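> Need a 3D model of the following:
(2 chains)
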Amino acid sequence: MKILIIEDEKELAFSISEYLKTENYRCEFAFTFAEAFSKITTYEYDCILLDLMLPGGDGLKILHELKQNSRQEGVIIISAKDSLQDKIDGLQIGADDYLPKPFHLSELSARIHSVIRRKQFGNTNKIQVNELQIDLLSKIASIGTVTIPLTKKEFELLLYFIGNKNRVISRSVLAEHLSGDMADMLDNHDFVYAHVKNLKKKLSEGGSEEYIKTVYGLGYRWES
Amino acid sequence: MNKLINKTLFYFISIAILLLVISAPLFYYMMERLYLEDVNESILIRKDEFKLNHLPTLTFNDIANFNRFNRDVQILGDTISPIQDQISLQYFWDKVPNESEPYQVLYTRIYIQNEHYWLMVRMNLVESEDLIKTLTGLYLTILFILLVVLFLIISVVSKKLWSPFYDTLEKIDDFNLEQSLFPQFSKTKTEEFKQLNSGLEKLIKQNLDAYKTQKEFTENASHELQTPLAVFRSKLDVLLQEPGLTENQATIISSLYDACSRLARINKNLLLLSKIENQYFTEKTEVNVVKLLQESIPYFNEQAQAKNLKIVPDIAHSELVILANKGLIEILINNLLLNAIRHNYQNGKVQIEIKLNQLIISNTGSPDPLDLNKLFKRFSKTSENAHSSGLGLAIIYEICEMHGWKVNYQFLDRSHTFSVTF
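Model prediction:
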């Protein structure tokens, strides 16, 4: 999988690349508008991470260029601008997702995972993780013919773990992911523990192996 | 009464009355002096005329006749002893009005055929008194009319003169720094008012500039902080993946995570505040508050359960539709609910009510009322909760301010009650 990171803040770009490399993603960088422009016209990628404020130009122009040429890459805008209008603008032009800075890399990884999946599998939208089968459209997880009765939150958690395989995810990050915009105002993350516990229980009852491991003092890791 | 024009008129009237009171007797006295001088002079002239015209030819036999035809010039025998050659005031009995009347009198020694006589020249003062009184009355009337006219002129003229001043005053009164509308002072030709207006214009401009810079600064600063925060957070995410982290290291990373989240939260809220101030959210739609509350409350269930709180929404039968910015009213409601939960104690209660155009959210919590003066100010934390950004209530206040709503806090029945009047 090839990913282009268009981001002028080098340290952030390196972090993203470092985080993603364990998942067999190969990352390339573009630190300026010109670099980005020449890369997208020369190569093809599976996913493009696009910062909007670039030295030398507006990131949205790159998005325009991609869409004009009917390119298939998934585009995730990563921007310090987080007003509703910016989001609407970006998504209308054709971005697949919009992630305001500062974000968690696990969140980014989950979204990249979801974008690539959508591009690759079209409308079928089914993921197979070992014995576990996940239908994204009907939001159902099953093993063989046995459906695992997950709540909405548990299903979201499962997807998040699968988007961040073999990586430690801190409990507060999961809390933020689960309660959206409101999460960063919450001061009690205990509910994450309850949700993860339930998810683990339901998965093992359905006959799955124990993939979710607790990392002491930090959070959880999906090992597979 | 304390208006400038009233003060001017008050001083004017005081001085005018004082002038009238003092000047009337003074005028009377002056007139009297002048008239007396006149009378004395004519007495002297008559005396001289007598001495020149009559005395040389006058004989002893003429005296009776002379006296008979001259009322005020009399030749008297040497039987009296008056003050000689000096005019003095003396009362004589007049037969016609039948009363004694004042006269100025002069006695001088004369000789007729070598006999010693007294010549008496006198002048009645009754007429003069009348004259003086009439004159004084006239003078006072004129002065009075003059003052009344002046009074009217002053009130009209000062109103006209001060009108640019009042205009400026009114505009200053209407000026609101947050609306950033530069007041247009009306043109004036008066040097002082020109100076005043230009001074004010300069002051207001500097204020607006400073205010704008400050607002922009907050927005730019929080914007600029996003990227380093993103780097910081991403490095933590990477660090977390290092194999073989010790427990100690894990704890440190965990604390860093929390600090980073808090930093991001404060920054996000600051940015939101400055965006509200900078009028980013002007679009308004009709919002059903009841529906919004019903949608929001479930999000807080988990938090409420952790503290075993009882949320009592008494809104099912209420109706409240307002014109508001959808995003902001959501933030307002979420912040209010969040506060009610966050500052609650175990097994506490949160009550949500709608009364007419009022949303009331009350919660149990600390036993003491909060300090209303600090409550809605930025970073003036009234609680010890380390997780609060100190901006939640400031945001609520700013959202209400922007929409023209009123937010209020009361400590009622041992519960903290926040109400928003739409």
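> any idea which element B:Pro313 lies in?
strand B:310-314 (DSSP states H and E).
> Run through the neighbouring helices and strands of that strand.
strand B:349-355 (3 or more CB pairs under 8 Å, 6 or more residues apart in numbering or on different chains; DSSP states H and E). For the C-beta atoms, the positions are set from N, CA and C on the backbone; glycine is no exception.
> Now the strand it packs on - C-alpha only, PDB.
Extracted in PDB, the C-alpha atoms of strand B:349-355 (Å, rounded to 0.1, in the frame of the first residue of the first chain):
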ATOM      1  CA  LYS B 349     -29.100  14.700  40.600                       C
ATOM      2  CA  VAL B 350     -29.400  16.800  37.400                       C
ATOM      3  CA  GLN B 351     -32.600  18.500  36.700                       C
ATOM      4  CA  ILE B 352     -33.500  19.900  33.300                       C
ATOM      5  CA  GLU B 353     -36.500  22.200  32.800                       C
ATOM      6  CA  ILE B 354     -38.100  24.400  30.200                       C
ATOM      7  CA  LYS B 355     -40.200  27.300  31.400                       C
END
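> what is the mean pLDDT for that strand?
Averaging pLDDT along strand B:349-355 gives 91.
> Just the buried positions in it, please.
By neighbour count with 16 or more other CB atoms under 10 Å in any protein chain shown, strand B:349-355 contains the buried residues B:349-354.
> Farthest-apart pair in the residues you listed, please.
Using CB to CB, the pair of the buried residues of strand B:349-355 lying farthest apart is B:Lys349 and B:Ile354, separated by 17.4 Å.
> Give me the domain ranges for chain A.
A:2-120, A:130-222 (automatic domain parsing).
> what residues are up against A:Gln85?
By CB atoms under 8 Å, 6 or more residues apart in numbering or on different chains, A:Gln85 lies in contact with nothing.
> Please identify the helix or strand for it.
helix A:84-93.
> can you check A:Thr41 too?
Residue-wise, A:Thr41 maps onto helix A:33-42 under DSSP H and E.
> The next helix or strand along the chain from that helix pairs with which strands, and in what direction?
Using DSSP H and E, the helix or strand that follows helix A:33-42 in sequence is strand A:47-50. Here strand A:47-50 is paired, per DSSP bridges, with strand A:2-6 (parallel), strand A:74-79 (parallel).
> picking that back up, and which of the buried residues of strand B:349-355 is nearest to chain A?
Closest approach to chain A among these (CB to the nearest CB): B:Val350, at 15.0 Å.
> Pairing partners for the closest one in the sheet, please.
Applying DSSP bridges, one finds that B:Val350 bridges with B:Ile311, B:Asn363.
> burial of residue 95, as a residue count?
No chain in the question, so chain A it is. 25 (other CB atoms under 10 Å in any protein chain shown).
> should've been chain B
6.
> In space, what's closest to the most centrally placed residue in chain A - neighbours in sequence excluded?
Centroid-nearest residue in chain A, with CA atoms, centre = their mean: A:Arg111, separated by 1.9 Å. In this structure, A:Arg111 finds its nearest non-sequential neighbour in A:Asp97, 5.1 Å apart by CB to CB, 6 or more residues apart in numbering or on different chains.
> can I assume the one you found is in contact with A:Val115?
Yes: between A:Asp97 and A:Val115 there is a contact at 6.1 Å, judged by CB atoms under 8 Å.
> related to what we said a few turns ago, just give me the lowest mean pLDDT stretch among the domains of chain A.
domain A:130-222 has the lowest average pLDDT among these, namely a mean of 85.
> Please convert the buried residues of strand B:349-355 to TSV, extending it with distance to B:Lys3.
Below are the buried residues of strand B:349-355 laid out as TSV (distance: CB to CB, whole Å):
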residue	distance to B:Lys3
B:Lys349	55
B:Val350	53
B:Gln351	50
B:Ile352	50
B:Glu353	47
B:Ile354	46
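> per-residue pLDDT, B:Gly392?
So B:Gly392 comes in at 85 (pLDDT).
> so where's chain B uncertain?
Chain B contains residues with pLDDT under 70 at B:1, B:381-389.
> just the strands in the chain please.
Using chain A. With DSSP state E, the ranges of strands along chain A come out as A:2-6, A:26-30, A:47-50, A:53-54, A:57-58, A:74-79, A:97-100, A:126-129, A:132-135, A:140-143, A:146-148, A:168-170, A:212-215, A:219-222.
> could you do chain B instead?
B:73-76, B:88-94, B:99-112, B:115-124, B:285-288, B:310-314, B:321-324, B:349-355, B:358-363, B:406-412, B:415-421.
> Parallel or antiparallel, which strands does the second one pair with?
Strand B:88-94 pairs in its sheet with strand B:99-112 (antiparallel), by DSSP bridges.
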